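Chemist: Predicted structure and sequence below. I'll ask about it afterward.
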Amino acid sequence: MTIRPTAYEFFAGGGLAGLGLSAGAAGIDTVFANDMDPAKARAFVANHPQIPFRQGDVWSLTLEDLPGRPDLAWASSPCQDVSLAGARGGLEAGRSGAFWGFWRLMQGLEGQGRAPRVVVLENVIGLLTSGQGRDFAAVCAAMVQAGYRVGALEMDAAFWLPQSRPRLFVVAIKGEGPEASGPTAPFHSSRLVAAQARLPQAVRDAWAWWSLPGPPKRNLDLAAVLEPDEAAEWLDDPQAILALAAPAHRVRIDQALASGRRQVGAAYRRVRVEDGVKVQRLEVRFDGLAGCLRTPAGGSSRQYVVVCDHGRARVRRLTGREAARLMGLPDDYRLPASESAALKLMGDAVAVPVVRALTEGLLSPVLSPRRAAA
């Protein structure tokens with residue numbers, strides 16, 4: 001009998017990473033999960049009742065909480081303090097410092113002979129430059145010191161889903177894994193190459209340019225995941241929002257209106273500085289992609305849907321269910337009842353097809369299924 005590899009899922013949110021890990025015949029099954037957010041914990045338990053889950057700060061976990069010996073440990077640690085949109089406090093700041101709470105558990109497992117063969121850290125691209133590169137170097141150095149070969153991939157959900165969502169995946173492996181002789185497109189970007197070049201020599205000596213098959217051509221666009229127009233709640237005064245459009249974005253809207261065709265766009269309100277003054281601007285795109293989902297903390301973080309059809313523009317807010325589809329979730333995934341909680345859950349999550357591609361192309365080949373003793 002084949003035994004599938006197992007995983008711990010830290011900072012699990014609603015369990016989207018686990019869905020990507022476990023998909024397919026050669027998947028990896030989550031056997032323990034953790035998150036400290038009560039709403040996310042409820043979503044995880046509602047959708048994955050069979051998986052042991054512990055709610056609480058990762059710093060409060062002990063080795064006794066962790067069952068067995070996992071093949072893989074996944075950590076989608078908080079990104080607010082390393083995001084380009086945040087204050088860039090770095091890993092020394094409280095929330096992103098949670099990585100070190102996770103890492104002390106990995107060190108403890110090593111001491112007990114239970115360390116996973118593979119560790120994956122998922123975070124925002126800003127980790128590459130956070131703290132002038134010191135944070136990325138610290139993460140990689142910790143993994144190398146623990147006996148892992150380390151590499152990273154920059155993967156954008158837009159290869160699989162109609163959402164622009166680049167994320168960094170730092171992958172540490174004990175032993176060999178599929179790798180290229182050097183950086184290769186599209187998953188080794190110029191900024192990743194530059195960050196790798198800044199690493200200490202000892203870390204670069206243990207670096208691997210992990211190889212992953214190129215993504216297929218995406219066959220889904222934004223319009224395909226939206227609710228029918230007649231089922232949506234449109235804003236009574238769309239011009240109040242459209243009037244905020246920056247000049248270049250106003251041109252896009254006017255061109256969409258002038259085309260006479262139905263065009264579906266996504267938009268965010270952003271605070272920009274113009275002539276030394278902060279102003280709120282609407283920035284819209286009609287390229288078939290949504291902007292990167294964000295948590296709805298403040299009015300500017302709620303994404304809009306803009307539909308231009310026969311010279312008329314309508315505007316509404318993106319729904320939680322639509323956000324879930326943009327993360328690769330089926331409609332039977334149980335979202336929080338609160339729209340704000342659903343959007344927060346999705347805005348903090350990792351896209352399921354991205355994790356599945358990483359699993360099928362790299363993680364599963366390293367952790368080929370074991371066979372149980374007869």
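Modeler: Nice, I can see it.
Chemist: going forward, measure contacts and count neighbours with C-alpha atoms only.
Modeler: OK.
Chemist: how near is Ala349 to Ala341?
Modeler: 12 Å (C-alpha to C-alpha, to the nearest Å).
Chemist: more crowded one of those two?
Modeler: Set Ala349 next to Ala341 and count neighbours by other C-alpha atoms under 10 Å: Ala349 wins out with 22 against 18.
Chemist: Spit out the contact partners of that one.
Modeler: Gly13, Gly14, Leu16, Ala17, Met327 (C-alpha atoms under 8 Å, 6 or more residues apart in numbering).
Chemist: pull the CA atoms of stretch 109-125 into CSV?
Modeler: This file holds the C-alpha atoms of stretch 109-125, laid out as CSV (Å, rounded to 0.1, in the frame of the first residue of the first chain):
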residue,chain,number,x,y,z
LEU,A,109,12.1,18.6,15.7
GLU,A,110,15.7,18.3,14.5
GLY,A,111,16.8,17.6,18.0
GLN,A,112,14.3,14.8,18.3
GLY,A,113,15.2,13.3,14.9
ARG,A,114,11.8,14.4,13.5
ALA,A,115,12.9,17.2,11.2
PRO,A,116,11.0,17.4,7.9
ARG,A,117,12.9,16.7,4.7
VAL,A,118,11.4,19.8,3.0
VAL,A,119,10.5,23.2,4.4
VAL,A,120,8.6,25.8,2.4
LEU,A,121,8.2,29.5,3.4
GLU,A,122,5.7,31.4,1.4
ASN,A,123,5.8,35.2,1.6
VAL,A,124,5.5,38.5,-0.4
ILE,A,125,8.2,39.4,-2.9
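Chemist: shaky segments in this protein?
Modeler: In the predicted model, the chain carries pLDDT under 70 at residues 1, 79-97, 297-301, 369-374.
Chemist: Break down the stretch 201-350 of the chain into its helices, ranges please.
Modeler: For the stretch 201-350 of the chain, the helices defined by DSSP state H, counting those that start in this stretch occupy 201-205, 222-225, 238-242, 247-259, 320-326, 339-347.
Chemist: In a markdown table: the ones you listed, plus distance to Gly214.
Modeler: Output for the helices of the stretch 201-350 of the chain, formatted as a markdown table (distance: least, C-alpha to C-alpha, whole Å):
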| stretch | distance to Gly214 |
| --- | --- |
| helix 201-205 | 24 |
| helix 222-225 | 22 |
| helix 238-242 | 38 |
| helix 247-259 | 31 |
| helix 320-326 | 21 |
| helix 339-347 | 25 |
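Chemist: closest to Thr2 out of the ones you listed?
Modeler: Of all the helices of the stretch 201-350 of the chain, it is helix 320-326 that lies closest to Thr2, at 32.3 Å by C-alpha to C-alpha.
Chemist: Sort out which residues of that closest one are buried, please.
Modeler: The neighbour-count check on helix 320-326 (16 or more other C-alpha atoms under 10 Å) flags Gly320, Arg321, Glu322, Ala323, Ala324, Arg325, Leu326 as buried.
Chemist: closest to His188 among those residues?
Modeler: Closest approach to His188 among those (C-alpha to C-alpha): Leu326, at 23.7 Å.
Chemist: who's in contact with the closest one?
Modeler: Leu161, Pro162, Gln163, Val225, Ala351.
Chemist: Surely the fourth one and Gly328 touch.
Modeler: No - proximity of Val225 to Gly328 does not meet the contact threshold set by C-alpha atoms under 8 Å, at 9.9 Å.
Chemist: quick one, what contacts Gly56?
Modeler: Asn34, Asp35, Met36, Asp37 are the contacts of Gly56 under C-alpha under 8 Å, 6+ apart.
Chemist: For the second one, give the beta-bridge partners.
Modeler: Here Asp35 shows beta-bridge partners Gln55, assigned using DSSP bridges.
Chemist: Wait, it touches Trp59, no?
Modeler: No - using C-alpha under 8 Å, Asp35 makes no contact with Trp59, being 10.9 Å away.
Chemist: Which one's more surrounded, these two?
Modeler: Asp35 (23 against 14).
Chemist: That one and Gly328, how far apart?
Modeler: 21 Å.
Chemist: Would you verify that Gln132 is located in a helix?
Modeler: Yes - residue state for Gln132 (DSSP: H, G, I helix; E, B strand; the rest coil) corresponds to a helix.
Chemist: residue ranges for the strands of the stretch 251-374 of the chain, please.
Modeler: 263-274, 277-285, 304-309, 312-317, 370-371 (DSSP state E, counting those that start in this stretch).
Chemist: ranking the ones you listed by burial, who's on top?
Modeler: strand 304-309 (a mean of 22; mean count of other C-alpha atoms under 10 Å).
Chemist: quick one: that strand to chain centroid distance?
Modeler: Here strand 304-309 shows a centroid-to-chain-centroid distance of 26 Å under the convention C-alpha atoms, centre = their mean, to the nearest Å.
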